[in-house]
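>>> Need coordinates for the below:
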Amino acid sequence: MDREEKIRQIEKTIEKVRPYIQNDGGDVQFVKLEDDIVYVSVHGACVGCMALDYTLKEGVPNTSLLGGVIGIRPGAMKLKDLNGDGVVDAKDITVIGDTNPDFAGGFGFNGEIYDFDFNVNFTYKVGNDIYNANKIQTSSRYRAGTYPNMRSDMSQSNAYSYINPETGVVLKSLEELAYWNEGGNGQSAKSMWSPFSTGDAVVVPTDWAMDNASFLRLQSLTVGYTVPKKITTKFGVQRLRVYVTGTNLFVITNYPGFDPEVSSYARNSSYSGLTPGIDFSSYPKSRAFTFG
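Numbers count the residues shown, from 1 in each chain. Predicted coordinates:
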C-alpha cells in the first residue's frame with residue numbers, strides 16, 4: 001500500500017468517526033501530514049496521531065486482524081504466530097478456553113445446638129473459563145472509541161500512549177515513544193497495549209479476556225430458634241420457631257468480574273441460548289434475606 005492510499009484510508013476513518021462526535025463549533029478533520037505523522041483535530045484540538053510507515057523487526061509477525069488505520073506499530077497489541085509462518089491470521093486460531101467445568105456440585109450440612117438449629121448449603125465449580133467480553137469493551141477502540149480506557153489497567157500510566165503526559169505533545173520518534181512507555185523515564189515499563197490497537201467495531205478475542213471462573217459459593221444459610229414449650233404453652237402455642245435465611249451470602253473466586261456464574265445474551269445471535277460462559281454486562285446474583 002503506497003503513501004497516498006494510506007492517507008485516503010485515514011480520511012475515510014475520520015468520516016466514520018465524525019457522526020459520533022457532538023458538533024459544538026468544532027469538528028473532526030484531517031489536519032496535516034508532517035514527517036509521516038498524521039495529526040487529527042477534534043473540536044480544534046489535536047487528539048492523536050497515526051504514523052504512516054513503520055518497519056517490523058525481523059522475526060516479528062505481521063497481521064491484519066486488528067483493523068484500524070494505525071496498523072502494526074509500537075504499542076499495538078501483540079498476537080502470537082502459532083504456526084510460525086510470519087503472519088497472524090485465521091490459520092493461527094486455536095482453543096483458548098473451556099466453559100465446561102472439570103467438576104461441579106454442592107454440599108451442605110445441618111445441626112442443632114440447644115434450641116438453635118442451622119442449615120448450610122454450598123455450591124461450587126472447578127476448572128471452567130469465562131470469556132470476559134467486558135474486558136474487550138472497556139479496553140479497546142470499539143464503536144468510535146467510546147470505551148477505550150475505562151479499565152484501570154488501561155490508564156495512561158499503564159497502557160501504551162502516543163502523548164507526552166507532561167506537555168500533551170504527540171510523541172513522534174521511536175526514541176520518544178520508548179522513553180515514555182518502556183521505562184526510559186525511570187518509571188516501570190507499561191504492561192498494556194494502546195487501546196487504539198484495534199479498529200472501529202473490531203473485536204479480537206484473545207486469551208487475555210479468558211478468566212478462570214472456579215468458585216465456592218455459600219448458597220444459603222438458615223439459622224432458627226425454637227422457643228421453649230414452657231413459654232409457648234402459656235399462650236396456647238404448642239411449637240414456635242423463628243428463623244432467618246440468607247442466600248448468596250458470599251463467593252470465593254479469582255474471577256475479576258462481578259459474578260462467576262454468568263451467561264450473557266449474544267447480540268443478533270440465533271444461538272444465544274447456547275452461549276454459556278460469556279460475561280457481557282451480566283447482572284450479578286442478588287443477596288437476599290428471609291425472616292419467618
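>>> Run through the stretch 1-150 of the chain and note the low-pLDDT ranges.
1-53, 67-71, 141-149 (pLDDT under 70).
>>> For it, just list every one of the helices.
Secondary structure of the stretch 1-150 of the chain (DSSP state H, counting those that start in this stretch): helices at 3-17, 133-137.
>>> One more: the stretch 151-292 of the chain?
174-181, 229-232.
>>> ranking these by burial, who's on top?
Stretch with highest mean neighbour count among the helices of the stretch 151-292 of the chain: helix 174-181 (a mean of 16; mean count of other CB atoms under 10 Å). Backbone N, C-alpha and C define where each C-beta goes, glycine included.
>>> How far away from the center of its chain is that one?
The chain centre lies 27 Å from the centre of helix 174-181; the measure is CA atoms, centre = their mean, to the nearest Å.
>>> Could you give the average pLDDT over that helix?
The average of the pLDDT scores along helix 174-181 is 86.
>>> again with stretch 151-165
81.
>>> Show me what it is in contact with.
48-49, 74-75, 135, 138-139, 148-149, 169-171, 176-177, 180-181, 187, 190-196 (CB atoms under 8 Å, 6 or more residues apart in numbering).
>>> Of those residues, keep whichever come out buried.
Members of those that pass the buried threshold by neighbour count (16 or more other CB atoms under 10 Å) are listed as 49, 74-75, 135, 138-139, 148-149, 170-171, 177, 180-181, 190, 192-196.
>>> excluding its backbone neighbours, what's nearest the spatially most central residue of the chain?
Nearest to the geometric centre of the chain sits Lys135, at 0.7 Å (CA atoms, centre = their mean). Computed as CB to CB, 6 or more residues apart in numbering, the closest residue to Lys135 that is not its neighbour in sequence is Ala209, at 4.6 Å.
>>> pretty sure the one you found contacts Ile136?
Yes. Ala209 lies in contact with Ile136 (CB atoms under 8 Å); the separation is 5.5 Å.
>>> Listing request: residues of the stretch 151-292 of the chain with sub-threshold pLDDT.
Residues of the stretch 151-292 of the chain meeting the criterion pLDDT under 70: 199-201, 265-275.
>>> quick one, strands of it?
Secondary structure of the stretch 151-292 of the chain (DSSP state E, counting those that start in this stretch): strands at 210-212, 215-227, 240-253, 278-279, 288-291.
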